[in-house]
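Participant: model this:
(3 chains)
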Amino acid sequence: MSMLHLVNKSPYENNNVSTASSTMRSDDVMLLIEDAVYAAVKGGKASAMLEGHKVSVLGPDLAARGIAEDKLASDVDVIDYAGFVDLVESNDKVQSWL
Amino acid sequence: MKLTIQVNEGPYQHQSADSAYFFAKAALEKGHEIFRIFFYHDGVNNGTRLTTPPQDDRNIVSRWTELAQEHDIDMVLCVAAAQRRGIVDDGEAERNGKDATNIAPGFRISGLGQLVEGGIQSDRLVVFGD
Amino acid sequence: MSDTKKFLYINRKAPYGTIYAWESLEVVLIGAAFEQDVSLAFMDDGVYQLMKGQDTSAIGMKNFSPTYAALGDYEITKIYVEKESLEERGLTLDDLQHLVWEDEDEDWAEKDSIRLVSRAELGDVMAEQDVLFNF
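Facilitator: Next up is the predicted model:
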């Protein structure tokens, strides 16, 4: 049984990335969408919170915000909306950290 | 996979409505079923037909209407949230003495039970909000 | 019911500054009629929703906090409150309403609905659920 943790707010705006990463278990996956994609930028304080977790980030939201893929922390998987749907399907439930 | 999608925010103010729309579209393209899209809190504002967005910007309300009509999706605005925010259909206008309606095509107004039912009947509930 | 699911309603926002706390409670009340296995969780600023002594007269809003006390009557007996969230905010259980339910199987004995849990324990609770509601 695994959970998809959906986070959509910048880690520098509120604690959702932090709370999600401290609650998620080893089989869980975090998907960063909308403003949460900033968490995946390497060298940012927030990217440390992602280490050791399975993290995906929505490509369209990165592109919108001018974040090139080479600026991302390693191990972060860039996906599209089809990949988002696949993640919802492959995990048993979705926790939207609002 | 049978999905219920919950949209908690209104059009333009937050990206939630956009994210939900593209997620829904991708799910349909992959052959999944959308049991219901339920609009709650300010999300009910996705259901007013009176928006006039700039010509060079996306028309969020029409986009929902087209998606619903093309794929026969049940798009529900929560009645309590809609009453608070002034989204009105014929039934609500009559019941509450309003002199106008503004609900967009493809949407219907109904109770919170529709969200709960969505949670029961679907394989996944995906919530988009603030 | 053949398809009873475990529902968890998660509350992370303070009351009154936004409508989420109240409108989330409205779902819980309507949802009670569907006889699923319901739990509520209060974490982060959500713990503020349960504070006792709320007086909204000067801000002109309806004080909906008495509704939490009625949850027992809606057969909601599992209300998880996260310990770390209380501590971070300088609160203890004593600052919160004392929420109870009456156990029909034990001669209507009054029992505590609030279960104080750590973040790790709350993570376990979340992992056991079928459907997670967030507002």
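Participant: use CA for all of it now, contacts and neighbours both
Facilitator: Will do.
Participant: what number of residues lie near the closest residue to residue A:42 other than its chain neighbours?
Facilitator: If you skip the residues right next to it in sequence, residue A:42 has residue A:73 as its closest partner in space, 4.2 Å away by C-alpha to C-alpha, 6 or more residues apart in numbering or on different chains. Summarising burial for residue A:73: neighbours were counted as other C-alpha atoms under 10 Å in any protein chain shown, giving 18.
Participant: For chain C, which segments are assigned as helices?
Facilitator: C:20-31, C:66-70, C:83-88, C:119-128 (DSSP state H).
Participant: how about those in JSON lines, adding mean neighbour count and distance to residue B:8?
Facilitator: As requested, the helices of chain C are arranged in JSON lines below (neighbours: other C-alpha atoms under 10 Å in any protein chain shown; distance: least, C-alpha to C-alpha, whole Å):
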{"stretch": "helix C:20-31", "mean neighbour count": "19", "distance to residue B:8": "9"}
{"stretch": "helix C:66-70", "mean neighbour count": "14", "distance to residue B:8": "22"}
{"stretch": "helix C:83-88", "mean neighbour count": "17", "distance to residue B:8": "24"}
{"stretch": "helix C:119-128", "mean neighbour count": "17", "distance to residue B:8": "21"}
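Participant: need those helices in a markdown table with mean pLDDT and distance to chain B, can you?
Facilitator: Putting those into a markdown table (pLDDT from 0 to 100; distance: least, C-alpha to the nearest C-alpha, whole Å) gives the following:
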| stretch | mean pLDDT | distance to chain B |
| --- | --- | --- |
| helix C:20-31 | 97 | 6 |
| helix C:66-70 | 98 | 17 |
| helix C:83-88 | 98 | 20 |
| helix C:119-128 | 97 | 14 |
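Participant: Is the residue nearest to residue A:42 in contact with residue A:44, as I believe?
Facilitator: No - counting by C-alpha atoms under 8 Å, residue A:73 sits too far from residue A:44 to count as a contact (9.0 Å).
Participant: In chain A, spot the helix with the most residues.
Facilitator: Taking residue count as the measure and DSSP H as the definition, the longest helix of chain A comes out as helix A:81-90.
Participant: which residue is nearest the centroid of chain A?
Facilitator: For chain A, the residue sitting closest to the mean C-alpha position, by C-alpha atoms, centre = their mean, is residue A:32 at 2.7 Å.
Participant: got the residues of chain A near chain B?
Facilitator: Residues of chain A lying close to chain B by C-alpha under 8 Å from any C-alpha of the partner chain are A:8-9, A:34, A:81-82, A:84-85, A:88-89, A:92-96, A:98.
Participant: can you rerun that using 7 Å?
Facilitator: Those residues of chain A that sit near chain B, judged by C-alpha under 7 Å from any C-alpha of the partner chain, are A:34, A:81, A:82, A:85, A:89, A:93, A:94, A:96, A:98.
Participant: Also chain C?
Facilitator: Taking C-alpha under 7 Å from any C-alpha as the test, the list of chain C residues beside chain B reads C:5, C:27, C:30, C:31, C:131, C:134, C:135.
Participant: still on that earlier bit, so is the longest helix of chain A next to chain C?
Facilitator: No - contact between helix A:81-90 and chain C is absent, the nearest approach being 12.7 Å (criterion: C-alpha under 7 Å from any C-alpha).
Participant: Stretch A:30-40 too?
Facilitator: No - no part of stretch A:30-40 sits close enough to chain C to count as contact by C-alpha under 7 Å from any C-alpha; the gap is at least 14.3 Å.
Participant: Using PDB, list the CA coordinates for that stretch.
Facilitator: Coordinates of the C-alpha atoms in stretch A:30-40 are reproduced here as PDB (Å, rounded to 0.1, in the frame of the first residue of the first chain):
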ATOM      1  CA  MET A  30       5.800  12.800  -3.700                       C
ATOM      2  CA  LEU A  31       4.700  14.800  -6.800                       C
ATOM      3  CA  LEU A  32       5.500  18.400  -6.900                       C
ATOM      4  CA  ILE A  33       3.200  20.500  -9.000                       C
ATOM      5  CA  GLU A  34       2.400  24.200  -9.500                       C
ATOM      6  CA  ASP A  35       4.600  26.400  -7.200                       C
ATOM      7  CA  ALA A  36       5.900  23.300  -5.300                       C
ATOM      8  CA  VAL A  37       8.300  22.600  -8.200                       C
ATOM      9  CA  TYR A  38      10.700  25.200  -6.700                       C
ATOM     10  CA  ALA A  39      11.500  22.600  -4.000                       C
ATOM     11  CA  ALA A  40      13.300  20.500  -6.600                       C
END
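Participant: Other residues contacting it?
Facilitator: With C-alpha atoms under 7 Å, 6 or more residues apart in numbering or on different chains as the contact definition, stretch A:30-40 has outside contacts at A:4-11, A:46-47, A:54-58, A:61-62, A:72-73, B:15.
Participant: Could you do stretch A:44-60 as well?
Facilitator: Residues outside stretch A:44-60 that contact it (C-alpha under 7 Å, 6+ apart): A:11, A:18, A:21, A:26, A:28-33, A:37, A:39-41, A:73, A:76-80.
Participant: Just the ones in strands from these, please.
Facilitator: Cross-referencing these against strands under DSSP state E gives A:29, A:30, A:31, A:32, A:76, A:77, A:78, A:79.
Participant: Of those residues - the most surrounded one?
Facilitator: Neighbour counts for those were taken using other C-alpha under 10 Å; the highest belongs to residue A:32, which has 28 neighbours.
Participant: what is it paired to in the beta sheet?
Facilitator: Here residue A:32 shows beta-bridge partners residue A:7, residue A:57, assigned using DSSP bridges.
Participant: how much space between it and residue A:45?
Facilitator: Going from residue A:32 to residue A:45 by C-alpha to C-alpha, to the nearest Å gives 16 Å.
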